[in-house]
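**Student:** What shape does this take:
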Amino acid sequence: MWFAILVAALLLVALIAYTLYGHRRHLAISIGPKIDPASRPNTALLLIDLQDDFTSDNARHTYPTDAMKNGIMAINKLVETANANGFPVISIRQTFAGWYINFLVKLLNEGRGSPTSKGLDIDARIDGDIDHDIVKSRADAFHEPELSRVLDRHHVGKLIIVGLDGDFCVNATIKAALNRGYDVSFSDTTTLAQNPQSWRKTKSRLIALGAKDRIDEKASDAVSDTTATATATAKQSEPA
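**Tutor:** Sure, this is the predicted structure:
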């Protein structure tokens with residue numbers, strides 16, 4: 001009997017350790033070669049995880065309705081501006097890989113983001129043309145080599161990163177971009193987060209690393225003009 005209890009305890013400890021390892025691995029930030037900003041003058045808009053599984057209002061972990069509405073409105077303005085100015089719009093969508101993480105996703109989040117989910121497509125409320133669609137399996141989109149290849153082909157050195165969740169996939173992708181030397185901009189209005197208090201801390205750390213929060217900055221170039229316009233448009237729609 002004691003032997004059985006010991007084996008069960010060891011299996012439980014191993015399971016917890018493997019879960020923690022998987023969580024850390026999923027959130028790990030990649031490090032890639034530094035880009036040469038002088039040879040990459042162009043801008044790209046990255047849409048992170050804006051798919052039905054995570055944006056719908058009937059998900060287990062929903063975002064506030066007003067935040068989602070204003071966020072999508074502001075993001076659509078950015079997509080419109082990107083399409084009009086000829087810089088690429090890249091959709092990054094999450095599909096979890098591996099039997100264990102998909103078991104946890106099914107157990108804890110109704111299978112959202114799993115390969116068999118019906119909500120993997122980008123939210124239909126996102127208007128405009130998507131130039132590239134990349135599927136990722138981890139939080140940091142740069143773990144998918146295709147992202148770097150697309151940015152290379154378009155000579156992109158500046159990124160506007162929007163989507164969800166601010167504390168996880170957006171955070172990881174911004175950090176990975178900064179590691180590679182990209183000029184990165186983001187905004188509160190176009191970043192959705194389940195935990196606003198945690199997002200404020202995350203945002204402060206990203207700014208300290210060199211990311212640009214354009215909400216409080218005076219627009220002085222094309223990137224900030226775009227973000228400021230989208231933010232202002234969304235704020236005008238908020239109820240008094």
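**Student:** Now for Asp167: which residues touch it?
**Tutor:** Ala193, Gln194, Asn195, Ser198, Trp199, Thr202 (C-beta atoms under 8 Å, 6 or more residues apart in numbering). Every residue, glycine included, has its C-beta placed from N, CA and C.
**Student:** Could you give the number of residues near the third one?
**Tutor:** The reference is to Asn195. Asn195 is flanked by 12 other residues according to other C-beta atoms under 10 Å.
**Student:** In terms of secondary structure, what does the helix or strand harbouring Leu178 contact?
**Tutor:** Assigned by DSSP states H and E, Leu178 belongs to helix 169-179. Helices and strands touching helix 169-179, by 3 or more C-beta pairs under 8 Å, 6 or more residues apart in numbering; DSSP states H and E, are strand 42-48, strand 89-94, strand 156-164, strand 183-186, helix 196-209.
**Student:** still on that earlier bit, among the contacts of Asp167, filter down to the buried ones and hand me the ChimeraX syntax, if you would.
**Tutor:** Buried members of the contacts of Asp167, defined by 16 or more other C-beta atoms under 10 Å, are picked up in ChimeraX with:
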select :193,199,202
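**Student:** of the contacts of Asp167, closest to Leu45?
**Tutor:** Ala193 (19.1 Å; C-beta to C-beta).
**Student:** from what I can see that closest one touches Trp199, true?
**Tutor:** Yes. Between Ala193 and Trp199 there is a contact under C-beta atoms under 8 Å: 3.6 Å.
**Student:** Identify the contacts common to the two.
**Tutor:** Common neighbours of Ala193 and Trp199 (C-beta under 8 Å, 6+ apart) are Gly166, Asp167.
**Student:** can you tell me how far Val150 sits from Ile161?
**Tutor:** To Ile161, Val150 is 14 Å away according to C-beta to C-beta, to the nearest Å.
**Student:** Between these two, point out the one with more neighbours.
**Tutor:** More crowded of Val150 and Ile161, by other C-beta under 10 Å: Ile161, with 27 against 17.
**Student:** tell me the contacts of the more buried one?
**Tutor:** Leu46, Ile48, Val170, Thr173, Ile174, Ala177, Val184, Ser185, Phe186 are the contacts of Ile161 under C-beta under 8 Å, 6+ apart.
**Student:** Distance of it relative to Lys118?
**Tutor:** Taken as C-beta to C-beta, the span from Ile161 to Lys118 is 27 Å.
**Student:** same deal with Lys106?
**Tutor:** In terms of C-beta to C-beta, Lys106 sits 14 Å off from Lys118.
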